[in-house]
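[1] pasted the sequence and its predicted model underneath.
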Amino acid sequence: MPNKITVLTGDYIGPEIMAAGLRVLEAVSKAGHFEYEATTMPFGGHAIDECGEPLPQRTIDECKNSDAVLLSAIGGPKWDAAPKRPEQGLLAIRQALNLFANIRPTEISPAMMQYSPLKKIEPVNFVIVRELTSGIYFGTPREQHADYALDTMRYTKAEIERVSRVAFQMAQHRNHRVTLVDKSNVLATSKFWRVVVDEVAKDYPDVELNYSYVDAASMKIISSPEQFDVILTENLFGDILSDEAAQITGSLGTIPSMSTGDQKPVLYEPIHGSAPDIAGQGIANPFSMINSVKMMLAHSFDRADLAERIGKAVDQVVADNIVTPDLGGKYGTKEVTDAVIKNL
Ligand SMILES: NC(=O)c1ccc[n+]([C@@H]2O[C@H](COP(=O)([O-])OP(=O)(O)OC[C@H]3O[C@@H](n4cnc5c(N)ncnc54)[C@H](O)[C@@H]3O)[C@@H](O)[C@H]2O)c1
Ligand SMILES: CC(C)[C@H](C(=O)O)[C@@H](O)C(=O)O
Ligand SMILES: [Mg+2]
């Protein structure tokens with residue numbers, strides 16, 4: 001049976017970078033004898049246009065029936081005032097597939113150091129493990145009235161425990177350090193995270209656990225990012241810190257992510273949005289999507305060999321300065337993708 005991949009192409013630059021990712025997947029698969037079947041389903045803004053729903057039931061069914069989901073960014077001004085927004089579909093798919101742990105890597109390899117906006121820079125390699133299906137994104141009550149509004153941040157012990165185990169297990173395969181990022185000097189939920197994570201940590205004596213308040217952590221990501229190995233944090237803090245962490249690599253347009261739960265499928269997507277400001281110009285950075293394909297091959301299909309091939313090709317293209325304008329280059333999405341394929 002071929003490996004099954006569901007493709008959700010996204011809005012604005014979504015389809016532009018998805019095309020790049022799929023071209024790289026096709027090329028590396030031919031070279032490395034990887035068989036797959038890719039099925040494109042409606043999702044996000046264009047699904048609202050087609051059938052009034054950002055996440056139709058048949059898309060959920062198809063995702064559940066596949067090994068991996070490749071998703072490209074959705075949303076944008078076209079639907080900002082619509083009764084249903086594409087972003088609702090994104091939150092709903094994470095819940096429908098129970099993708100409670102979102103892994104967002106930050107890597108600055110020696111080849112990438114020239115693109116970092118930081119003046120003082122060493123190689124950096126850490127991951128953010130972001131809780132993805134709870135917290136203030138999903139808590140109720142959530143209300144907007146004429147003179148006040150209300151959101152709710154709620155976490156259960158089980159929700160904190162399961163995502164913490166993902167973080168500790170990742171650290172065991174990395175540099176054995178977990179930093180819990182929270183606001184436990186103020187928030188009850190953060191105090192509770194510390195209690196639960198301290199308990200989980202006892203099962204991983206080979207991993208060192210330390211703590212950072214989120215305001216200080218956001219400063220350290222700029223001042224000394226090399227100190228981090230695995231950052232474990234709740235949903236909203238993880239959203240904010242991962243965009244910040246992406247930018248120290250030179251561009252938000254390079255960073256992939258992987259969202260996992262207890263079972264298949266695992267979902268892979270760039271961490272950035274649909275970049276309406278540059279859509280249609282052919283200049284979107286395809287690395288975030290190509291790196292998502294690389295992550296998928298390594299983690300869902302046990303093809304570290306193909307992932308390494310993609311990684312080396314991207315490094316070569318970066319070293320040759322064949323990059324898009326967000327990284328200061330003069331090349332378009334297609335030229336960068338062609339160069340990656342040539343180097344596979
Ligand atoms: N996973 C998702 O689908 C996802 C994630 C974040 C935001 N969004 C949605 O995307 C829309 C736009 O959001 P935004 O503008 O705040 O954030 P954004 O991430 O789309 O863009 C922020 C900045 O980064 C740049 N950028 C992002 N990706 C790039 C790439 N691959 N190459 C070059 N430059 C890139 C953009 O041009 C822009 O200047 C909103 O509707 C938002 O809700 C979707
Ligand atoms: C679009 C939005 C709902 C989403 C989030 O906040 O999770 C995005 O910012 C992300 O980082 O994937
Ligand atoms: Mg975000």
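    Yep, that arrived. Ligands and ions are numbered 1, 2, ... in the order given.
[2] tell me what the one helix or strand residue 60 maps to is packed against?
    Element membership for residue 60, per DSSP states H and E: helix 57-64. For helix 57-64, the packing partners by 3 or more CB pairs under 8 Å, 6 or more residues apart in numbering; DSSP states H and E come out as strand 3-8, helix 86-96. C-beta coordinates here come from the backbone N, C-alpha and C atoms, glycine included.
[3] switch the ones you listed over to CSV; also include mean pLDDT, mean neighbour count and distance to ligand 1.
    Converted to CSV, the helices and strands packed on helix 57-64 look like this (pLDDT from 0 to 100; neighbours: other CB atoms under 10 Å; distance: least, CB to the nearest ligand atom, whole Å):
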stretch, mean pLDDT, mean neighbour count, distance to ligand 1
strand 3-8, 97, 22, 9
helix 86-96, 97, 20, 5
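[4] a markdown table please, covering these and showing distance to residue 308.
    Listed next are the helices and strands packed on helix 57-64 as a markdown table, based on distance: least, CB to CB, whole Å:
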| stretch | distance to residue 308 |
| --- | --- |
| strand 3-8 | 18 |
| helix 86-96 | 29 |
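[5] using a markdown table, lay out the ones you listed together with distance to ligand 2.
    A markdown table is the format used below for the helices and strands packed on helix 57-64 (distance: least, CB to the nearest ligand atom, whole Å):
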| stretch | distance to ligand 2 |
| --- | --- |
| strand 3-8 | 13 |
| helix 86-96 | 4 |
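[6] closest to residue 67 out of these?
    Closest to residue 67 of the helices and strands packed on helix 57-64, according to CB to CB: strand 3-8, at 5.1 Å.
[7] tell me what the closest one is packed against?
    strand 36-40, helix 57-64, strand 68-71.
[8] buried stuff in the first one?
    In other words, strand 36-40. Neighbour counts using 16 or more other CB atoms under 10 Å place 36, 38, 40 of strand 36-40 among the buried residues.
[9] same thing with the second one?
    Residues of helix 57-64 classed as buried: 59, 60, 62, 63 (neighbour count, 16+ other CB under 10 Å).
[10] which strand or helix spans the residue in the stretch 101-250 of the chain positioned nearest to ligand 2?
    Residue of the stretch 101-250 of the chain nearest ligand 2, by CB to the nearest ligand atom: residue 239 (4.3 Å). For residue 239, the host element (DSSP H and E) is helix 235-247.
[11] averaged pLDDT, that helix. What do you get?
    Helix 235-247 shows a mean pLDDT of 97.
[12] strand partners (parallel or antiparallel) of the next helix or strand after that helix?
    Moving toward the C-terminus from helix 235-247, the next helix or strand (DSSP H and E) is strand 256-260. According to DSSP bridges, strand 256-260 forms sheet pairs with strand 101-108 (antiparallel), strand 266-270 (antiparallel).
[13] so after the last one, what's the next helix or strand?
    Using DSSP H and E, the next helix or strand after strand 266-270 towards the C-terminus is helix 287-299.
[14] who in this protein is up against ligand 1?
    For the chain, the residues in contact with ligand 1 (CB under 6 Å from any ligand atom) are 13, 17, 73-76, 87, 90, 252-253, 269, 272-278, 284-285, 288, 324, 326.
[15] ok, of these, which come out buried?
    13, 17, 73-76, 87, 90, 252-253, 269, 272-276, 278, 284-285, 288, 324, 326.
[16] could you export the helices and strands packed on strand 3-8 to CSV, including columns for mean pLDDT and distance to residue 83?
    Below are the helices and strands packed on strand 3-8 laid out as CSV (pLDDT from 0 to 100; distance: least, CB to CB, whole Å):
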stretch, mean pLDDT, distance to residue 83
strand 36-40, 98, 25
helix 57-64, 98, 18
strand 68-71, 98, 23
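[17] could you dump the strands paired with strand 256-260 to CSV with mean pLDDT?
    CSV is the format used below for these (pLDDT from 0 to 100):
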stretch, mean pLDDT
strand 101-108, 96
strand 266-270, 98
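[18] pick the most deeply packed of those strands.
    strand 266-270 (a mean of 26; mean count of other CB atoms under 10 Å).
[19] hmm, that strand touching ligand 2?
    No - if you take CB under 6 Å from any ligand atom as the test, strand 266-270 misses ligand 2, and the best it gets is 7.2 Å.
[20] so what touches that strand?
    Strand 266-270 has contacts (CB atoms under 8 Å, 6 or more residues apart in numbering) with 17, 63, 67-73, 93-94, 97, 99, 253, 255-260, 288-289, 291-293, 295-296, 299-300.
[21] let's see 7 Å
    For strand 266-270, the surrounding residues in contact (CB atoms under 7 Å, 6 or more residues apart in numbering) are 17, 68-73, 97, 99, 255-260, 288-289, 292, 295-296, 299-300.
[22] and the angle for that strand with helix 235-247?
    50 degrees (axes from the mean of the first three to the mean of the last three CA atoms, to 10 degrees).
[23] quick one, strand 266-270 and helix 86-96 angle?
    Using the same axes, to 10 degrees: strand 266-270 against helix 86-96 is 150 degrees.
[24] for strand 266-270, the distance to its chain's centre please.
    Chain-centre distance of strand 266-270: 6 Å, with CA atoms, centre = their mean, to the nearest Å.
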